[in-house]
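[1] Turn this into a model:
(3 chains)
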Amino acid sequence: MSITLARRRVIPGFGLTMGFTLLYMGLIFLVPVGAFLLYTTTMSWDTFWHAVTQRQVVASYKLSFGGSLIAATINLFFGALLAWVLVRYRFPGKRLIDALVDLPFALPTAVAGIALVTLYASTGWVGQYLELFGVRVAYTQLGVVVALTYIGLPFVVRTVQPVLEDLEAEWEEASASLGADRFTTIRRVIFPALFPALLTGYALAFARALGEYGSVVFISGNLPFRTEITPLLIVAKAEQYDYHGAAAIGTVMLVVAFAMLLVINGLQWWTSRRHG
Amino acid sequence: MNTSNQAASEVDRADTPTASDNDALAKRWRRATEEPAWLKVTLITVALAFVALFLVLPLSVVLFGAFERGIATWLEAIRDPDALSAIRLTLLIVAIVVPLNTLFGIAAAWAIAKFEFRGKPILISLIDMPFAISPVVVGLIFVILFGSQGWLGPWLAAHDLRIIFAVPGIVIVIAFGTLPFIARELIPLMQQQGKEEEEASLTLGASGFKTFWHVTLPNIKWGLIYGIILCNARAMGEFGAVAVVSGRIRGETNTVPLHIEVLYNEYMFTAAFAVSSLLTGLALVTIAIKSVVEWQDERRQRRAAA
Amino acid sequence: MNLTAPPTLWSLSKLTASILIGGALLGATLGVSSHAQAQPERVELLNVSYDPTREFYRAYNQLFAEHWREGHDQEVTVRQSHGGSGSQGRSVIDGIDADVVTLALAYDIDALHDRGNLIPDDWQTRLPHNSSPYTSTIVLLVRNGNPKNIQGWDDLIRDDVEVITPNPKTSGGARWNFLALWGYGLEQFDGDEEQTFDFVRQVFENVPVLDSGARGATNTFVQRRLGDVLLAWENEAILSVEQLGQGDFEIVVPEQSILAEPPVAVVDANVERKGTRDVAEGYLEYLYSDEAQALAAQHYYRPIDEAVLAEYADTFPSLELFTIDEVFGGWREAQARFFNDGGVFDEILEAINAP
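    Numbers count the residues shown, from 1 in each chain, chains lettered A, B, ... in the order given. All right, here's what the predicted structure looks like:
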C-alpha cells in the first residue's frame, strides 16, 4: 500500500493529462453522446420498445453482432499471425506488406465496398471461381463477414506490432537458457506480454465492425431479414424523418457495444494487474 | 527437414564433450529461440495468402480501375476543380484533426498507463466508444444537436454560426471518429513498458517534462507514429458520418470520399477509382516516411554499435 | 543533468505550427466565403437535388446563368448538392441553406412544410403542372435481346426472373417503382386489394438485392450483371443504355405505368433570409421555357410542354400513365399507407420472411 502511494507521488502530470483527456473527450463526444441519450429519453418507453424490438430490427441485430464477432475472431488469428511474421521474419516485400496493412483505413469505406463487390460478385475476379464450388459471397451474409473482416483487419496487427517490436529479446533468451523449449517460451513469455494488445485489437475490430456502414451496403444486398445490417436500418429510419426510431436503435447499439467493450477492457485490466 | 531435426536432438541428448558440442549447443539455442524453418515458411505463406486476398486484390481493383484508360485520364480526374477542392478540404481537416488527437492520445495514455485509479476500465472503454458508434449515428448525433430542428440550432442560427453543412461540422465528426486511434495505440504499449524508467529518471532529479521527452517519448516513438498514421489515414477516408453532416455541396463541403461517391454515382468509374488511388497514395506517403525514419534509425544504431 | 536541446522538441514545435496553420486556414476559408457574399453583382444559389438530375442541372445552370445575365446584370453561380431524395430533404429541414429544392417526389418537399415550416402548405400550386417542370415514368430495363422475354409487369412474378429495384424506404425512385406496380395490380384485379398485395409480394420475392438508391441499383444491374430486369426511372434507363453499354441493354416500356412528377420549390425561409427570392423564383420559372424544356428532353426527362414533347417523340414512346393523385390520393396518403413503419411495404416484407 505504502509503495503504491510513494509511486503515485513520483510520477507527475496526472492532473494535467487526465484533465485534458476528460476535457477533450467531453467536448468532442461525451457531451454530444450524452445529449443524444437524453434525446432518446424524450420518447415514451412504448415507442422506444416498439422501435427496437420489431422483427426486422431484431434480425438485423443478429447479423450485425454475429457478423462482427466472426469477423473480429478471424482478424484476431490472422492479425496476430501477420504481426508476428512482419516483426520477426525477413522475406522479400515485407515493407510493402507492412504498408498495405493500413489500406482498410486509408481507402474510404465506400470504395472498399465497391472494390470488394467487384472481386467477389459472381462475375468478379475471385467470385467466378468461388461460384464453381457453389460458394456465393456477394449479396449473402458471407459477404457481410468479408467486408467486416476487411475493415477491421488493421486493428489487431497494429496493436500487436509495437508491443512485439518492443519485446526485448533478452526475455526469450532468458527463458531459453532456463531450458524452456520454443513452444513454452511462446506460451509463457510472449503470449502473456501480447495478451493485452491482442484483446485491445479484438475489441477494436469488433467495435468497428459493429458500426460499419459504407462498405457493407455495397456487398451485402441489404435484404430485410436476411442481409440487412443495423446501421442501414438507422439510415432508413432517419431518411424517413423518423429520428426517434433511428435514435432508439442507435442507443441499443451504443449500449450493447459499450457493455462488450467494458467486459473486454475489464478483463484486460484484470490480467495486466495480475501479471504486473 | 524432420530427420535432420531428430538427428539434432539425438546429438543434444548424447551430451558428450566432442568437437560437435559447440555446434549442437548452437542448434539447440536456435531451436529454443526461433521457430523451425518449415514453420516459418508456412506462417509466412498463410499470412501472405491472407494479405493477397484481403489487401492486394482490393487495391489491384482500385489501381486497375484508375489507370485502365491511361495516365492522361487519371490526371484529368485529379485536376478537375471539384476534385481539387475536395482534396484541399480533406487536407485542411487532417491538419486540424490529427494534431488535436495526437495531444489527446499522449495525454490519455500517460494518465492511464502511469497511474492507478478507480474506473480505469470504464475510461478505456469510453475511449473505444467512437469506434463502436456507427458513423451514421455519429452524424445523427450532431444533426440532432446542431441542426436547425435541433437543440442548439436556433441559437446558432440567431448568431449566424454554421456548424453542420459546413467545415466545422465535418471537422468535429472526423475528430470524433478518429479520436481513439493514437490513444489506443499508446495505452497497451505504455502499460507493457511499465513506469520504472520514468521513476528512475525522476528520482535522479529530472523534471516531469524532461523525463517525458528523454525517457518516455523515445520508448513510445513507434507506437506514436503508428497511431498518427492510422489516425491520418482514417481521417482522410471517413465517409459515413461526413455524408450525414456535409450537405454534399459540390466544390465546398464534399471531402475526397464524398467526391468519389459522387463520381461513382455519375457512372464515371475511372475517375472515381483515380481519385481513390490518389487518396490511397496520400495515406501510403505517411507509411513511406515512417519506413525511411525507421531505416535511418536502424542505420544509426548499427553505426553506434560498430 | 546537463541535457542538450532534445530533437523531439522540434516535433512539438512542428505539431504546434500545424495546429496554428490549421486554425488559420480554417479562418481563411470562412473569411473568404463571407467576403464573396458581400459583392452584390454576384449571386449564389444552392440547389438541393436528388441523384439522377446531376447531368441535367449541370447543363441547365449554365443555360440559366446566361439567361439571367442578359436580363438582370447579375452573375449567378448555382451550387449543387445531390443525394438520395429523402436524405436531401432532411438536410434542408436540418438547416442546409438551399434556395431551391428539386426532389424526386412531392412528399419530400411536403416534409419541408410539415417538419421545418420552411415553405407554405400550398407550395405545389405555385408553379404550373404541380410544380413539376418535367416528368418521367417507370420502365423496365432488360439485357440485350431480352433473353427472359419480359414484356410487362406480369412477367416480374415469374419464378425464373430476378428483379432489381432499390429499397422504397430509402429511395424516392423505388417508391415510384412500388406505386407503379401497385397501380398496375389494382387495374389488373379490378381494384381487389388482396390480389394486388399478393401480386406485389410475388414481385418482391424475386428481388435478390435492395440497394439504397436508384443509382446503386443501376450499378448492381449494369456493373455487377445481377438480375434480369431493372425497374428504373425512364430517364435513368435511357441514360444507362446510352452511357453504360451501347447494345448491352434494352428498354421494355410496359403498356401502362405511373406518371412520375419530380417537383421543384423555392425554400421561402432561406431566400427571405438571404435576399435571393427574385433569382430563385426566376431559376425555377425558367425551367418551363422552351430552351429548358428542350434541355430536359435531351437529358431524357419528359418535357411538360406538348410542342417540345412532340419534337422528341422518338425518345419518349407513348403509354398509358396514371397519376398518384388519381390512384393514391396524393403523396402524403401514399407515404403513410405504403411506406411508413408498419405500412404495406413492411407487411410485404413480413409476409415474405414469415417465420
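[2] Just say helix, strand or coil for the residue nearest to the spatial centre of chain A.
    By Cα atoms, centre = their mean, chain A has its centre lying nearest to residue A:205, at 1.5 Å. Secondary structure, DSSP: H, G, I helix; E, B strand; the rest coil: residue A:205 is helix.
[3] quick one: it and residue C:355, what's the gap?
    The gap separating residue A:205 from residue C:355 is 32 Å, by Cβ to Cβ, to the nearest Å. Using the backbone N, CA and C atoms, a C-beta is placed for each residue, glycine as well.
[4] cool, and residue B:165?
    Distance, residue B:165 to residue C:355, using Cβ to Cβ: 43 Å.
[5] neighbour count winner among these two?
    residue B:165 (28 against 6; other Cβ atoms under 10 Å in any protein chain shown).
[6] my guess is the more buried one meets residue C:97, correct?
    Yes: if you go by Cβ atoms under 8 Å, residue B:165 and residue C:97 touch, sitting 7.2 Å apart.
[7] anything in contact with each of those two?
    Common neighbours of residue B:165 and residue C:97, counting by Cβ atoms under 8 Å, 6 or more residues apart in numbering or on different chains, are absent.
[8] need the contact list for the residue nearest to the centre of chain A.
    Counting by Cβ under 8 Å, 6+ apart, residue A:205 makes contact with A:71, A:72, A:75, A:76, A:79, A:152, A:153, A:155, A:156.
[9] Sort out which one of those lies nearest chain C for me.
    Checking the contacts of residue A:205 against chain C by Cβ to the nearest Cβ gives residue A:71 as the nearest, at 20.9 Å.
[10] That closest one - that's part of a helix, no?
    Yes: assessed by three-state DSSP, residue A:71 belongs to a helix.
[11] Do I have it right that it meets residue A:149?
    Yes: between residue A:71 and residue A:149 there is a contact at 4.3 Å, judged by Cβ under 8 Å.
[12] Find residues that contact each of these two.
    With Cβ under 8 Å, 6+ apart, residue A:71 and residue A:149 have common neighbours residue A:209.
[13] quick one: stretch C:196-209 near chain A?
    Yes: against chain A, stretch C:196-209 shows contacts by Cβ under 8 Å from any Cβ of the partner chain at C:207, C:208, C:209.
[14] Which of the residues in that stretch are classified as buried?
    C:196, C:197, C:199, C:200, C:201, C:203, C:204, C:206, C:207, C:208, C:209 (16 or more other Cβ atoms under 10 Å in any protein chain shown).
[15] In the chain, where is pLDDT below threshold?
    Picked chain A for this. Filtered on pLDDT under 70, chain A yields the residue ranges A:1-9, A:272, A:275-276.
[16] please go with chain C instead
    Within chain C, the segments meeting pLDDT under 70 span C:1-40, C:245-246.
[17] How about the residues of chain A by chain C?
    Residues of chain A lying close to chain C (Cβ under 8 Å from any Cβ) are A:54-56, A:59, A:117-118, A:121-123, A:138-139, A:217-218, A:221-226, A:232, A:235-236, A:238-242, A:245.
[18] try 10 Å this time
    Residues of chain A lying close to chain C by Cβ under 10 Å from any Cβ of the partner chain are A:50-51, A:54-56, A:59, A:114, A:117-118, A:121-124, A:127, A:138-140, A:217-218, A:220-228, A:232-233, A:235-243, A:245.
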